[in-house]
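Colleague: next comes the sequence, and after it the predicted model I'd like to discuss.
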Amino acid sequence: PRLKSHSIVMSEASLDFVRYSGVAAFNLANNHVYDAGAEAFDRMVNRLSTLKSIQFFGLTDRPYAKLDCNGLRIAVIGCLEPCRARGPRLLREEHVVSVISQVRLDADRVYVTPHWGKEGELAFHPSPQQMRRAREWIAAGADGVFGHHSHTIHGHEVVNGKPVYYSLGNYQFDHVEAHDYPLAAFGLAVRLDPSLDDPAVAVRRSYLHQQTAGTVSVEPKDAKQLEQHFKQLSMDLMHWNTLIWARHVGPIYISRSRNTWRKRLRNNLIKTLPLWAVWNVLPSTLLLRLGTLVRAQAFLDRIEKLGRSLPQGSRSKVS
């Protein structure tokens, strides 16, 4: 029995989607690629290796994809944060600095796309640890960071002239909890021109909406609200610290975690109970529980109001 509240397992026929998607490269470094087990993962990698027109990356032996953009040699590195689901073949975020130093010699631009951050469908801010890690990568020679995992759009920074987008939200994902967390139905598309050095000119943003028929561009009035939301999230990061992060993320993450642990305990009580006990005494969990006591209520109210005003308005409230 699986110990996750949600497992993502696709049939091998899904390879046809990859073959005809038109996507140049796939990042395999995420917390669900081992959901069907190590043997299934190895089999998937072997099958992907037969598709000569598509690259995959984010592995210890294939940490980055090589792309060409108007004559520029581009390297895109994929990695996964520390977590129980981090399989042995996935590139760890702790090892990215060494990869940057290796690939920098043969690339005109190097970008990092990490799978990281607290997964809470109403959590909208990176941790101070993520911010420190992004600065470490930029200092090592990365030209930008574009993250994902939280299912929501996070803010961005410009670090030493390089763009850092902490989470782009969902792109093409049939999110099972999007009715309860309406902002999980939105994603941020970032169009980057690597030939330009000024992020204010090189980067263009647009917003996407997940629907049953697929991903579509949002209506102009909704895009205006989302852009304002994005800018406010980015402004939050100008005065960010651990306690402020806990006040914003704690009430959301702890509430959602309570629900997912219930599902895991129902699925397999004996194996899950020790994990749940350890999770409860982790320093990060204790800090986020403290954040629920001194919650950033004005921010939470703003998010609730935004969720109601956008398509598929909120059907539940953080408790």
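Modeller: Happy to help now that I have it. Residues are numbered from 1 along each chain as shown.

Colleague: which is the next helix or strand following the worst-scoring helix or strand of the chain on mean pLDDT?
Modeller: Ranking every helix and strand in the chain by mean pLDDT, DSSP states H and E puts strand 214-217 at the bottom, with a mean of 79. Sequence order places helix 220-236 as the next helix or strand after strand 214-217, per DSSP states H and E.

Colleague: what about that next one, average pLDDT?
Modeller: For helix 220-236, mean pLDDT rounds to 95.

Colleague: likewise for stretch 282-296?
Modeller: pLDDT averaged over stretch 282-296 gives 96.

Colleague: now do stretch 86-98
Modeller: Mean per-residue pLDDT for stretch 86-98: 96.

Colleague: what lines up beside the helix or strand harbouring residue 145 in the sheet?
Modeller: Under the criterion of DSSP H and E, residue 145 resides in strand 144-146. The pairing partners recorded for strand 144-146 under DSSP bridges are strand 109-115 (parallel), strand 162-165 (parallel).

Colleague: pLDDT score assigned to residue 209?
Modeller: Confidence score, pLDDT, at residue 209: 87.

Colleague: and for the one 3 residues further on?
Modeller: With respect to pLDDT, residue 212 scores 60.

Colleague: want to throw the strands paired with strand 144-146 into a markdown table with distance to residue 284?
Modeller: To be clear about C-beta, it is placed using only N, CA and C from the backbone, and glycine gets the same treatment. Formatted as a markdown table, the strands paired with strand 144-146 follow (distance: least, CB to CB, whole Å):
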| stretch | distance to residue 284 |
| --- | --- |
| strand 109-115 | 17 |
| strand 162-165 | 22 |
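
Colleague: got CSV for those strands, with distance to residue 173, mean neighbour count and mean pLDDT too?
Modeller: Below are these laid out as CSV (distance: least, CB to CB, whole Å; neighbours: other CB atoms under 10 Å; pLDDT from 0 to 100):
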stretch, distance to residue 173, mean neighbour count, mean pLDDT
strand 109-115, 13, 24, 97
strand 162-165, 17, 23, 96
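
Colleague: poorly predicted segments of this protein, please.
Modeller: Where the chain drops to pLDDT under 70, the residues are 1-5, 174-179, 212-214, 312-319.
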